[in-house]
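from the sequence below, what's the structure:
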Amino acid sequence: MYHGGLSHTHSHHIIMSKSGEGNVSWNKDVKEGRYERKDSLFRRWIEADPDAEFPAEAGRYVIYAAMACPWACRTLAMRELKGLTEVIEVNIVDVVLPDTGWTLEAKDEGATGDTINGRKQVSEIYYAADPEYDGRFTVPILYDKVNDTIVNNESSEIIVMLNSAFNALSATPEAAALDLYPAELRDEIDEVNERVYHSLNNGVYKCGFAKTQEAYEEAFHALNDTLEWMEDRLASSRYLVGSRFTLADIRAFVTLIRYDPVYVTHFKTNKHRIRELPNLWAYTREIYQMADGKIASTVNFDHIIRHYYCSHNSVNPTGIYALGPDPADLLKPHNRDSLPADPLPIVHDP
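Coordinates of the predicted model:
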């Protein structure tokens with residue numbers, strides 16, 4: 001049985017190693033007023049090799065995800081783009097995250113429950129994989145039905161697996177050919193991801209969960225420096241790494257799409273709204289609209305808004321949630337066609 005840790009070495013250029021929403025109070029992750037996300041512990045890999053410990057196979061793997069969670073929705077977006085919706089099943093957790101961890105009781109519209117084993121708590125999946133597990137009960141989980149175990153719970157690694165390991169099973173040749181982590185751009189993608197992870201993806205949490213004014217201001221300034229850096233970069237670049245849409249854009253998008261509805265008010269990240277930054281706002285709209293709505297299908301504003309405002313009692317003790325802004329403006333023309341872009345080899349589903 002697997003007890004955490006990396007089973008063997010891979011050549012992938014993975015820098016980040018923290019992911020997901022967790023169990024019990026996030027206050028335990030605050031040190032000297034600063035929020036510090038814990039490392040993910042299950043770090044095995046699915047490979048195209050049929051003789052691998054975890055070979056890519058249709059119907060064998062399940063992603064447990066929260067529609068509210070940006071880390072989990074990275075994996076859902078990649079599953080859509082790579083034409084894997086008939087290959088990898090998805091189970092969606094309930095909206096509100098109690099102190100005991102995510103639940104699988106199909107309480108909400110769009111929540112599925114556990115269709116594999118009928119478990120009611122995400123923690124049960126972790127304990128089945130490792131009875132001595134002592135970490136966070138986070139999503140996403142990449143789960144192996146054959147061995148009733150967790151392959152990986154680190155979103156940044158799961159999206160790399162989805163990018164290439166299942167190519168032989170993609171729904172179309174175009175989806176199989178789609179490469180969002182090309183070898184020639186990996187160093188630059190990783191460099192962008194390093195900054196975006198620390199100050200934006202996790203930076204919003206550092207603002208929202210800060211326990212001192214000093215910690216909040218430190219995270220707030222780093223966050224806004226990065227937003228302004230991205231705004232400047234996108235003035236002359238279609239995507240974060242030039243003309244090629246990559247994993248860096250997927251990782252940025254899941255935070256940007258939640259920024260105005262949640263983070264500006266709930267996490268006090270209110271220097272800018274994304275809608276006030278013309279390049280970032282157009283970039284967000286373009287990604288939301290691309291690929292025949294495949295990425296948009298992984299965005300559920302009801303789950304997003306209710307989860308954050310109703311799960312973090314110390315941040316929002318009343319549980320009252322904001323209703324704006326109107327998501328319909330995400331469908332307005334993005335007008336970024338004047339910047340060069342490499343065409344995505346994505347076609348309509350067969």
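
so how far is Ala65 from Ala41?
Quick fix: residue 41 is Leu, not Ala. Distance, Leu41 to Ala65, using Cβ to Cβ, to the nearest Å: 18 Å. No exception for glycine: its C-beta is placed from N, CA and C like everyone else's.

please say which of those two ends up with more neighbours.
Using other Cβ atoms under 10 Å, the more surrounded residue of Leu41 and Ala65 is Ala65, with 27 against 23.

pretty sure that one sits against Val90.
Yes: when contacts are counted by Cβ atoms under 8 Å, Ala65 is listed as touching Val90 (6.0 Å).

find residues that contact each of these two.
Leu76 (Cβ atoms under 8 Å, 6 or more residues apart in numbering).

distance between stretch 240-253 and the chain's centre?
The gap between where stretch 240-253 is centred and where its chain is centred comes out at 13 Å by Cα atoms, centre = their mean, to the nearest Å.

in it, what's buried?
Buried residues in stretch 240-253, defined by neighbour count with 16 or more other Cβ atoms under 10 Å: 240-242, 244-253.

same check, this time on stretch 118-138
119, 121-126, 128-130, 133, 135-138.

and for stretch 169-182?
For stretch 169-182, by 16+ other Cβ under 10 Å, it's Leu169, Ser170, Ala171, Thr172, Ala175, Ala176, Leu178, Asp179, Leu180, Tyr181.

and which of the residues you listed is nearest Pro55?
Distance to Pro55, by Cβ to Cβ, is smallest for Leu169 among the buried residues of stretch 169-182, at 10.9 Å.

which residues touch the closest one?
Taking Cβ under 8 Å, 6+ apart as the contact definition, Leu169 lies against Ala56, Glu57, Ala58, Leu84, Val87.

I'd like these laid out as TSV, including pLDDT.
TSV is the format used below for the contacts of Leu169 (pLDDT from 0 to 100):
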residue	pLDDT
Ala56	98
Glu57	98
Ala58	98
Leu84	98
Val87	98
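
let's have those in CSV, adding neighbour count, distance to His303 and secondary structure.
As requested, these are exported to CSV (neighbours: other Cβ atoms under 10 Å; distance: Cβ to Cβ, whole Å; DSSP: H, G, I helix; E, B strand; the rest coil):
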residue, neighbour count, distance to His303, secondary structure
Ala56, 23, 29, coil
Glu57, 16, 30, coil
Ala58, 12, 27, coil
Leu84, 24, 21, coil
Val87, 20, 24, coil
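
determine which two of the residues you listed are furthest apart.
It's Glu57 and Leu84 that sit farthest apart of these, by Cβ to Cβ, at 11.8 Å.

how about the strands in the stretch 101-250 of the chain?
In the stretch 101-250 of the chain, the strands defined using DSSP state E, counting those that start in this stretch lie at 141-144, 149-152.

deepest-packed of those strands, please.
strand 141-144 (a mean of 25; mean count of other Cβ atoms under 10 Å).

which elements pack onto that strand?
strand 61-65, helix 122-129, strand 149-152 (3 or more Cβ pairs under 8 Å, 6 or more residues apart in numbering; DSSP states H and E).

angle of the second one against strand 61-65?
Read it as helix 122-129. 140 degrees (axes from the mean of the first three to the mean of the last three Cα atoms, to 10 degrees).

check which helix or strand His272 maps to.
Following DSSP states H and E, there is no helix or strand that holds His272.

Asp292 belongs to a helix, doesn't it?
Yes: counting by DSSP: H, G, I helix; E, B strand; the rest coil, Asp292 falls inside a helix.

next one: the spatially most central residue of the chain, what pLDDT does it get?
Nearest residue to the geometric centre of the chain (Cα atoms, centre = their mean): Trp71, 2.3 Å. pLDDT for Trp71: 98.

quick check: chain neighbours aside, which residue is closest to it?
Ser155 (4.2 Å; Cβ to Cβ, 6 or more residues apart in numbering).

do Ala282 as well
Leaving aside its chain neighbours, Ala282 sits nearest to His334 (4.6 Å; criterion: Cβ to Cβ, 6+ apart).
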